[in-house]
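Colleague: pasting the sequence and the predicted coordinates here, then a few questions.
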Amino acid sequence: MGLRPSTDNAPHDDHGRATHAAARPLAGIRIIDLTRVVSGPFATMHLGDLGADVVKIEEPVHGDDSRAFGPPFVEGESAYFLSVNRNKRSCAIDLKHETGRKLLLDLVETADVVIENFRPGTMQRLGLDLATLRQRNPQLIYCAISGFGSQGPDAQRPGYDLIVQGEAGVMDITGEPGGQPTKVGTSIADMIAGLFAVQGILSALYERAQTGVARRVEISMLDALASLLTFNAGIYFATGLSPSRRGNEHPTISPYETFQASDGWLNLGVANDKFWRLFCDVTGAKALFDDERFVTAPLRVKHRQALKPLVTDILRGNTRSHWVDKLGAAGVPCGLIRTVGEVCEAPQLTQRGMIVSMPHPVAGEVKNITSPVRLDDQPLNPVLAPPMLGQHTREILGAVLGLSGDAIDALNAQGTVRDLLTPAAQD
C-alpha cells in the first residue's frame, strides 16, 4: 500500500499546537517527547490521551527503535510501535547535527514538558542537559526515565524490562513453588515506570500552575517496580523472611486460586465463610461443607492441600462458563482465564469503548486498547493514529517554528530532518 495524504484532522491553534478536543484536561500543554521503545512512549501516549500535544522527536533514518520490532508488521508498520504511540505527532530531527540541536532548542521554547528515557548522561553528551534547556525555557518541566536511576552503583546499567523484573524481586515471587522464577507476561517494569512518569509530570504541572516552580521529575524502572512489592516487602520487614513463590495460591485464603474446568481454566475467589457456604450450595458439595477441616477460613488454609484436589474434582465436572454463570449468579467471586484474543473481543470492554479504531495512512484501521480513564463517564477516544516516521515534521517546523517550505526542504536534503512527504525522505 502506498503513501496517502495524512488523515490527521485534529485541530491546531495559531502556533501549531494540537488542541484535540476542548474537553481534554491537558489541551494547550505541549510535550517534547524524546523517548523510545516502551516506558517513555507509554507515558507520553497517556499524556496525549489526556489532550496534550505530544511532539515525538525521532532519529530521521530509523526512528523509534520499536518501529523495527516484529513480526507482526502491518503494511510495514510494527504492531508493537502502533500499540504505544497514538495521539502523537512525529517530527524527525537528527540531534547529533548542530542544526538539529538548534531546532530542538527552538521547540523547547514552545513546550511545557520535555521527557526522555536515555541512559543517564546521554542528554549531557548531546548538549541538551537540563541547564541548557532551562536557559531557553525557565518554566520547563523535565522528566527523565531510566532503568536504575541517575544515582547509585547501577546507574549506568541499561534498563530492560526482563532484567528489572528480576532485580526488583517480582520474578522471585512469580511462578510455581519449586519452579523457575517467571516474569509477568507483559512489560510491567516499563509500563509502571511510564505511569509513574505521568503521575510525576501531572503533579509538576499542577505545582507550576500554583507556584511557578518548574520541577525535574525522575523515574527509575527499578524503583517503580519495587514499589509494587507492598505487602510482600511488608512480610520481609516484619519477619526478616522473604516470601516464596506460591503459584496462584493466596497465602491466607483458600480456595482462592486457579482451577481447571472440563474445557479450560477459571479463577475462584472464596474469600470468606459466606462465599464458602454459597460455593458448597451451588456445587451441591454438602460433604465438603460439613467437613470439620474446612468449617472456617483459617481451617481451610491449614488444610489447603487436602481441600484443593476435592474442589478440583468438582469443577472438572462441568465447563468453565457453566461454573462462572452459576457461581457468579450466587455471588461467589469467579472468572474466566481469558486469552488475549478473548479479552480484545470481550463485551465488557467493547461496550465501554475500550477498544478503539484509528485510520492510519498505510496500515488501514489500527486498533488499540485505549486509556481506562473516563471523564464524566466518557472514554478518552483517540484523535491521532500512531504516526509514521516524520509524518508531521513539515507541519511542526512550519506552524510551530515558522520555517518556510524551502527551509524545510533544505534541512531534509541535508539529512538534518526527515519530512515524510518529500521525495528525499522516502528514498
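Modeller: Sure, I can see it.
Colleague: isn't residue 200 right up against residue 217?
Modeller: Yes: at 3.8 Å, residue 200 and residue 217 qualify as touching, with contact defined as CB atoms under 8 Å. (Glycine included, C-beta is placed from N, CA and C.)
Colleague: who touches both of these two?
Modeller: Taking CB atoms under 8 Å, 6 or more residues apart in numbering as the contact criterion, the residues that touch both residue 200 and residue 217 are residue 143.
Colleague: where in this protein is pLDDT low?
Modeller: Low-confidence regions of the chain, defined here as pLDDT under 70, cover residues 1-23, 421-427.
Colleague: for it, which helix extends over the most residues?
Modeller: Among the elements of the chain assigned as helix by DSSP state H, the one spanning the most residues is helix 188-211.
Colleague: pull the residues that contact the following helix or strand past that helix.
Modeller: Toward the C-terminus, helix 188-211 is succeeded by strand 216-220 as the next helix or strand (DSSP states H and E). With CB under 8 Å, 6+ apart as the contact definition, strand 216-220 has outside contacts at 39, 130, 141-150, 193, 196-197, 200-201, 203-204.
Colleague: if we can go back for a sec, now the longest helix of the chain - C-alpha only, CSV.
Modeller: This file holds the C-alpha atoms of helix 188-211, laid out as CSV (Å, rounded to 0.1, in the frame of the first residue of the first chain):
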residue,chain,number,x,y,z
ILE,A,188,5.3,-4.4,33.6
ALA,A,189,8.5,-2.6,34.6
ASP,A,190,8.4,-0.4,31.5
MET,A,191,4.7,0.3,31.9
ILE,A,192,4.6,1.0,35.6
ALA,A,193,7.6,3.4,35.1
GLY,A,194,5.6,5.1,32.4
LEU,A,195,2.5,5.5,34.6
PHE,A,196,4.6,6.9,37.5
ALA,A,197,6.1,9.4,35.0
VAL,A,198,2.7,10.6,34.0
GLN,A,199,1.8,11.0,37.7
GLY,A,200,5.0,12.9,38.3
ILE,A,201,4.5,15.2,35.3
LEU,A,202,0.9,15.9,36.2
SER,A,203,2.0,16.8,39.8
ALA,A,204,4.7,19.1,38.4
LEU,A,205,2.3,20.8,36.1
TYR,A,206,-0.1,21.4,38.9
GLU,A,207,2.6,22.8,41.2
ARG,A,208,3.9,25.1,38.4
ALA,A,209,0.5,26.4,37.9
GLN,A,210,0.2,27.2,41.6
THR,A,211,3.7,28.4,42.5
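Colleague: ok so, going back, buried subset of the contacts of strand 216-220?
Modeller: In the contacts of strand 216-220, burial by neighbour count holds for 39, 141-149, 193, 196-197, 200-201, 204, counting by 16 or more other CB atoms under 10 Å.
Colleague: for residue 107, give its distance to residue 419.
Modeller: Here the distance between residue 107 and residue 419 works out to 15 Å (CB to CB, to the nearest Å).
Colleague: quick one: stretch 249-265 to chain centroid distance?
Modeller: Taking CA atoms, centre = their mean, to the nearest Å, the mean C-alpha location of stretch 249-265 is offset from the chain mean by 28 Å.
Colleague: in it, which residues are buried?
Modeller: In terms of neighbour count (16+ other CB under 10 Å), stretch 249-265 has its buried residues at 249, 253-257, 259, 261.
Colleague: quick one: which of residue 107 and residue 419 has more around it?
Modeller: Counting neighbours by other CB atoms under 10 Å for residue 107 and for residue 419 shows that residue 419 has the greater number, 26 against 22.
Colleague: buried residues in the helix or strand residue 300 falls within?
Modeller: Using DSSP H and E, residue 300 maps to helix 297-302. Buried positions in helix 297-302, judged by neighbour count with 16+ other CB under 10 Å: 297, 300-301.
Colleague: now, which of the residues you listed sits nearest residue 115?
Modeller: Nearest to residue 115 among the buried residues of helix 297-302: residue 301, at 45.7 Å, using CB to CB.
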